[in-house]
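Undergrad: Next come a sequence and a model predicted from it.
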Amino acid sequence: MNTCTALHRALGESPEVPVLPPGISWLLEALADDEIELGRLAGVIETFPGIAAKLVAVANSAWAAPRVPIVGVREACVRLGLQVVRSIAIALAVATPFDPGRCPGFDPERFWSSALLCAEAADALASFVDGHSDGLRTAGLIHHLGLLWLADQRGVETAEAIEARDAGAVPSLEQALSERLGLGYCTVGACLGRAWGLPAPLTTAMAEHRRPDYRGPYWRMAAAVGLAAALAARILAGAGETPSSSALAVPDERLGALVERLEARREAMRAMAQALFRPGSVAYAGADVRSDPGASLR
């Protein structure tokens, strides 16, 4: 049974799978290119006025604290840096079709802080992924994308699952969602990835990152994202043991250094999440995230 069939059966109806705005799949492909130059990336982003405007807004925000006003996309990219620009653009692109405000328990700051930290950790684990390491940052950033869909489409049940997780009634949100809906955000994320035509390594990482015994295609990418997600959760909780890295055999000293790096970046990631996705922040203002219908994307 494929992931989308499981989604249909679990919900007992044909769910509404959101459609990405025109050109976003191409944008995601460009953003996942680890070798893309900053100037070329700025040129790609300029064909998406909504994302471009919000990047400029973030570059002028208190988070970035520029000495002089930033007025163009290229200036914003230079100010923010390649990795930050890629993370922001991917986050804005994939968040576009969803309204998680339908779920009263959904915390956008927590969701995106987790995503940004996971992306940072996954990227740092690239040397332990033989092949298919390109796009690890993207995979980390969208690893729990299915939760956005569930918050949008099944707000009540998702809020109940979040409450159960926060109360300690279940060990994970994935389990809480599975108990209420018959599937968790991993299955939903994989369905979205397939429907949107995302590359197989990204879709596999969304589907399998919580399965430490998975050894199918792209298992190392899935394992790296799973470890990164566990590290992000530990950092945001401010406590807990460092998760095992047995599948990837990351040396203890490397893992310890990564934990220290993530802890040092925690507040910066929270500040970025606030700047982008808190109601009333720049990501909720201005033009929506769509490509210019008249722009040449190729």
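TA: Sure thing, it's come through. Numbering: from 1, shown residues only.

Undergrad: If you tally nearby residues, what's the number for Thr203?
TA: By the measure other CB atoms under 10 Å, the count of residues near Thr203 is 23. No exception for glycine: its C-beta is placed from N, CA and C like everyone else's.

Undergrad: Which strands or helices does the helix or strand that contains it pack on?
TA: Assigned by DSSP states H and E, Thr203 belongs to helix 200-208. Helices and strands touching helix 200-208, as assessed by 3 or more CB pairs under 8 Å, 6 or more residues apart in numbering; DSSP states H and E, comprise helix 136-141, helix 185-196, helix 219-237.

Undergrad: Throw those helices into CSV and include mean neighbour count, thanks.
TA: Converted to CSV, the helices and strands packed on helix 200-208 look like this (neighbours: other CB atoms under 10 Å):
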stretch, mean neighbour count
helix 136-141, 29
helix 185-196, 24
helix 219-237, 23
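
Undergrad: Dump those into TSV; add mean pLDDT and distance to Val44 as well.
TA: Output for the helices and strands packed on helix 200-208, formatted as TSV (pLDDT from 0 to 100; distance: least, CB to CB, whole Å):
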stretch	mean pLDDT	distance to Val44
helix 136-141	91	14
helix 185-196	89	18
helix 219-237	94	24
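
Undergrad: Make JSON lines out of these and add distance to Ala247.
TA: Compiled in JSON lines, those are given as follows (distance: least, CB to CB, whole Å):
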{"stretch": "helix 136-141", "distance to Ala247": "15"}
{"stretch": "helix 185-196", "distance to Ala247": "17"}
{"stretch": "helix 219-237", "distance to Ala247": "4"}
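
Undergrad: Just the pLDDT for the nearest residue to Pro108 once chain neighbours are set aside.
TA: Of all residues not flanking Pro108 in the chain, Phe277 sits nearest, at 4.2 Å (CB to CB, 6 or more residues apart in numbering). Phe277 carries a pLDDT score of 78 in this model.

Undergrad: go on, Pro108?
TA: We have a pLDDT of 92 for Pro108.
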